[in-house]
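Asks: just a sequence and a predicted model for now, questions to come.
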Amino acid sequence: MYFFLANLSLTDTGLVSSIVPKMLTNIWIQNQLISYAECLSQLYFFIMFGLLEAFLLAVMACDRYVAICHPLHYTMIMSPGLCVLLVSASWIMSGLSSLLHTLLMNSLSFCAEHEIPHFFCDIMPLLRLSCTDTSINELLIFSIGGLTVLVCVLCLIVSYAYVFSTIWKIPSTQGRQKALSTCSSHLSVVSLYFGTSSSVYFSPPSTH
């Protein structure tokens, strides 16, 4: 569990670090400019860490399932090798997906307007600036984003369905409360993350 928390903490740090330093620098020097290379780099790391967080939250839900539903077999099922494999797969999938988004963004042409209507280089505001066809980019956003949300939410629903079923069978109220307390923080982060992401990236482009 702590191995996953460490990676989640690193992911949150990376997500913030991909945006805040450049934003604070621009505020400090009173200059809102960002180079094309910096913009693409910011886009890559923001997407990568954003997807990585979704994968890690799903993996942590499976970890909670094993810890609560199969506590005596936890160390055997969630072996160090499996934990490293799950985290490594999450890093690789998020990195490759982000690279694909960034390469497709780099293939677009930006004609007259170069002012980003946002405080950092996010994918939707950049697509609005392009004077070429962005249908492939938008299709990729909805396909990869939709698949990521579908897989992660499915893992979350199935895992917590078993978790709540097991907790409900605990005879003592104190025991149920203790078991629920181990899941409350994770569920709060999941709700905040997926709720915010879905409202931003799955809403019509005209709302951005």
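Replies: Sure, I can see it. Owing to the predicted nature of the structure, the values given are computational and were not obtained by experimental measurement.

Asks: would you list every one of the helices in this structure?
Replies: With helices called from DSSP state H, the chain shows them at 2-17, 20-29, 36-69, 74-77, 80-106, 123-129, 135-168, 173-201.

Asks: adding distance to His114, write those out as CSV.
Replies: For every residue, glycine as well, the C-beta is placed using N, CA and C. CSV is the format used below for the helices of the chain (distance: least, CB to CB, whole Å):
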stretch, distance to His114
helix 2-17, 25
helix 20-29, 15
helix 36-69, 9
helix 74-77, 53
helix 80-106, 14
helix 123-129, 7
helix 135-168, 18
helix 173-201, 23
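
Asks: what about the residue lying closest to Leu40 once chain neighbours are set aside, neighbour count?
Replies: Among residues not flanking Leu40 along the chain, Thr102 sits closest, at 5.7 Å (CB to CB, 6 or more residues apart in numbering). Counted with other CB atoms under 10 Å, the neighbours of Thr102 add up to 19.

Asks: highest mean neighbour count out of the helices of the chain?
Replies: Using mean count of other CB atoms under 10 Å, the stretch among these with the largest mean neighbour count is helix 36-69, at a mean of 20.

Asks: now do that one, average pLDDT.
Replies: Per-residue confidence for helix 36-69 averages out to 91 on the pLDDT scale.

Asks: what about that helix, distance to the chain center?
Replies: Counting by CA atoms, centre = their mean, to the nearest Å, helix 36-69 is centred 4 Å from the centre of its parent chain.

Asks: what of stretch 126-144?
Replies: Averaged over its C-alpha atoms, stretch 126-144 has a centre that lies 19 Å from its chain's centre (CA atoms, centre = their mean).

Asks: repeat for stretch 162-172
Replies: Between the mean C-alpha location of stretch 162-172 and the chain-wide mean there is a distance of 29 Å, by CA atoms, centre = their mean.

Asks: and what of stretch 83-95?
Replies: For stretch 83-95, the distance from its own C-alpha centre to the chain's C-alpha centre is 13 Å (CA atoms, centre = their mean).

Asks: again with stretch 4-18
Replies: With CA atoms, centre = their mean as the basis, the mean position of stretch 4-18 lies at 10 Å from the chain mean.

Asks: then stretch 169-179?
Replies: Averaging C-alpha coordinates over stretch 169-179 and over its chain gives two centres that are 32 Å apart (CA atoms, centre = their mean).

Asks: what sits up against that stretch?
Replies: Applying CB atoms under 8 Å, 6 or more residues apart in numbering, the contact partners of stretch 169-179 are 68, 166-168.

Asks: same check, this time on stretch 25-42
Replies: Residues outside stretch 25-42 that contact it (CB under 8 Å, 6+ apart) are 18-19, 22, 102, 105-106, 116, 120-121, 126.

Asks: could you rerun that using 6 Å?
Replies: 18, 102, 121 (CB atoms under 6 Å, 6 or more residues apart in numbering).

Asks: and for the first one, the neighbour number?
Replies: Spelled out, it's Ser18. Using other CB under 10 Å, Ser18 has 21 neighbouring residues.

Asks: wait, doesn't it sit right on Phe45?
Replies: Yes. The pair Ser18 and Phe45 passes the contact test of CB atoms under 6 Å, sitting 3.9 Å apart.

Asks: show me what contacts the residue lying closest to Met78 once chain neighbours are set aside?
Replies: Once its chain neighbours are removed from consideration, Met78 has its nearest residue in Val66; the separation is 5.5 Å (CB to CB, 6+ apart). Residues touching Val66, when contacts are defined by CB under 6 Å, 6+ apart, comprise 74, 77-78.
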